[in-house]
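J.: Build me a model from this:
(chains A and B)
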Amino acid sequence: VIWMTQSPSLVSASTGDTVTISCRVTQGIRSYLAWYQQKPGKAPELLIYYASTLQDGVPSRFAGSTSGTDFTLTISSLQSEDAATYYCQQYSSFPPTFGQGTKVEIK
Amino acid sequence: QEKLVESGGGVVQPGTSLRLSCVVSGFTFSYHGMHWVRQAPGKGLEWLSMISYDGGKADYADSVKGRFTISRDNSKNTLYLQMNSLRPEDTALYFCAKSSNFYYSQMDVWGKGTTVIVSS
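T.: As a prediction, this is how the structure comes out:
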């Protein structure tokens, strides 16, 4: 099983700030990593796949990057509507696994 | 517009069974793998199972292997999850999700979920 470690678990930032969320995996997954956004009471939505490819319709202030087994989600110019919990997920090998989530709060 | 609608959740006693359904529209169901993912109250996402586009291959998380069975009816655009021997720890919101390709890839569309509560 490939384990995913997300950090931080909670980030509080102001609108306009840049937020970075890290996802570290326990073994190589090439770039088979997705990021999802889940707002309270809603289903998750795909933001980024293949580590850095933006899903259609996702604002360009979201960006994904990778360095080996470390993956990063960056939210530039944070907006109030970005308040949500963000999950990384690997789909390189079975079973698919999710990080524990990072909650983004707006100050 | 691609849409997934889950149903079949409810309140059941431990040891009983439940079948969830997920009706899809807006895309060619028979071209895509499908997943079930759950979220316990206040917790993160847990992948449960996935099935290939034609139903020929299915995989399960260890936590549900032997108790849950995924299936699909491509003529009805419907995905199923048969859940047997339910336990209190199966209490969760259950989502179906579409794989972006015929089998294993990112989950690009999700339903709103159906709630299962297992309690005596």
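J.: who in chain B is up against chain A?
T.: Contact residues, chain B versus chain A (Cβ under 8 Å from any Cβ of the partner chain): B:35, B:37, B:44-47, B:50, B:59, B:61-62, B:95, B:97, B:100, B:104-113. Where you see a C-beta, it was placed from the backbone N, CA and C, and this is true even at glycine.
J.: swap the cut-off to 6 Å and go again
T.: B:44-45, B:47, B:59, B:61, B:95, B:105-106, B:108, B:110, B:112-113 (Cβ under 6 Å from any Cβ of the partner chain).
J.: Now name the helix or strand holding the residue most central in space within chain A.
T.: Closest residue to the average C-alpha location of chain A: A:Trp35 at 3.9 Å, with Cα atoms, centre = their mean. Using DSSP states H and E, the element containing A:Trp35 is strand A:33-38.
J.: Other residues contacting that strand?
T.: By Cβ atoms under 6 Å, 6 or more residues apart in numbering or on different chains, the residues outside strand A:33-38 that reach it are A:44-49, A:51, A:64, A:71, A:73, A:84-90, B:106.
J.: ok, then the element right after that strand?
T.: Next along the chain after strand A:33-38, taking DSSP H and E as the criterion, comes strand A:45-49.
J.: And that next one, how far out from the chain middle?
T.: Offset of strand A:45-49 from its chain centre (Cα atoms, centre = their mean, to the nearest Å): 8 Å.
J.: ok, is it in contact with chain B or not?
T.: Yes. Between strand A:45-49 and chain B, judged by Cβ under 6 Å from any Cβ, the touching residues are A:46, A:49.
J.: what's that strand packed up against?
T.: In terms of contacts (3 or more Cβ pairs under 6 Å, 6 or more residues apart in numbering or on different chains; DSSP states H and E), strand A:45-49 is packed against strand A:33-38.
J.: Where do the strands of chain B begin and end?
T.: Applying DSSP state E to chain B gives strands spanning B:3-7, B:10-12, B:18-25, B:34-39, B:45-51, B:58-60, B:68-73, B:78-83, B:92-99, B:107-110, B:114-118.
J.: actually chain A, not the one I wrote
T.: Using DSSP E, strands in chain A cover A:4-7, A:10-13, A:19-25, A:33-38, A:45-49, A:53-54, A:62-67, A:70-75, A:84-90, A:97-98, A:102-106.
J.: Neighbouring strands of the fifth one in the sheet, and parallel or not?
T.: When you say that, I think you mean strand A:45-49. Taking DSSP bridges as the criterion, strand A:45-49 forms sheet pairs with strand A:33-38 (antiparallel), strand A:53-54 (antiparallel).
J.: Span of stretch B:112-120 from start to end?
T.: Separation of the first and last residues of stretch B:112-120 by Cα to Cα, to the nearest Å is 26 Å.
J.: starting at the chain centroid, how far to that stretch?
T.: Averaging C-alpha positions (Cα atoms, centre = their mean) puts stretch B:112-120 12 Å from its chain's average.
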